[in-house]
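K.L.:
All I have is the shape, not the residue letters:
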């Protein structure tokens, strides 16, 4: 089969499937976000990271207060003596923060949610759409002539409500 035909079929498959898959991914994303938020706290507690993170939060709050106090102090001193300038850095790249810990837990929770979301109806439907899209691509690569490709794609896509072969005989002629 010529390359332009393969590219045409690929384009047509993307045109039909991508909007459906994107819509389903948005639904799944909503559930992922909600589930991830719920699971982060439970995961932290289960792993014992909640105690460490609480201690981190207290320490960071103390650190912020100390930084604010230091900033106020040095700013006041600099204003009192016009010749003094402020040159200090409050952040060291080797430090780990509460935000870093929360981000790590969020990543782990997302992995758990990704596995769980496939068990929900929305995740199952997304998996089905992706499988049918892959099957349609396989049909294009595995068949040689246009008629057999069109017939096989029509059979494959009817399961999800897409009509591959459109009957144009009932379309009225546009009068000029």
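P.N.:
Structure received. As the structure is a prediction and not an experimental result, all values here were calculated from the model.
K.L.:
drop to CA atoms for contacts and neighbour counts, all remaining ones
P.N.:
Noted.
K.L.:
quick one: which helix or strand includes the residue most central in space within the chain?
P.N.:
Closest to where the C-alpha atoms of the chain average out (C-alpha atoms, centre = their mean) is residue 29, at 6.7 Å. For residue 29, the host element (DSSP states H and E) is helix 3-47.
K.L.:
Give me the packing partners of that helix, helices and strands only.
P.N.:
Other helices and strands packing on helix 3-47, by 3 or more C-alpha pairs under 8 Å, 6 or more residues apart in numbering; DSSP states H and E, are helix 49-80, helix 98-117, helix 121-142.
K.L.:
Using a markdown table, please lay out those together with mean pLDDT.
P.N.:
Listed next are these as a markdown table, based on pLDDT from 0 to 100:
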| stretch | mean pLDDT |
| --- | --- |
| helix 49-80 | 80 |
| helix 98-117 | 78 |
| helix 121-142 | 87 |
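K.L.:
can I get those in a markdown table with mean neighbour count?
P.N.:
Converted to a markdown table, those look like this (neighbours: other C-alpha atoms under 10 Å):
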| stretch | mean neighbour count |
| --- | --- |
| helix 49-80 | 13 |
| helix 98-117 | 16 |
| helix 121-142 | 17 |
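K.L.:
Can you classify residue 172 by secondary structure?
P.N.:
Assigned with DSSP: H, G, I helix; E, B strand; the rest coil, residue 172 falls in the coil class.
K.L.:
Can you give me the neighbour number for residue 161?
P.N.:
8 (other C-alpha atoms under 10 Å).
K.L.:
my guess is residue 153 meets residue 164, correct?
P.N.:
Yes. Between residue 153 and residue 164 there is a contact at 6.4 Å, judged by C-alpha atoms under 8 Å.
K.L.:
No further queries at this time; thank you.
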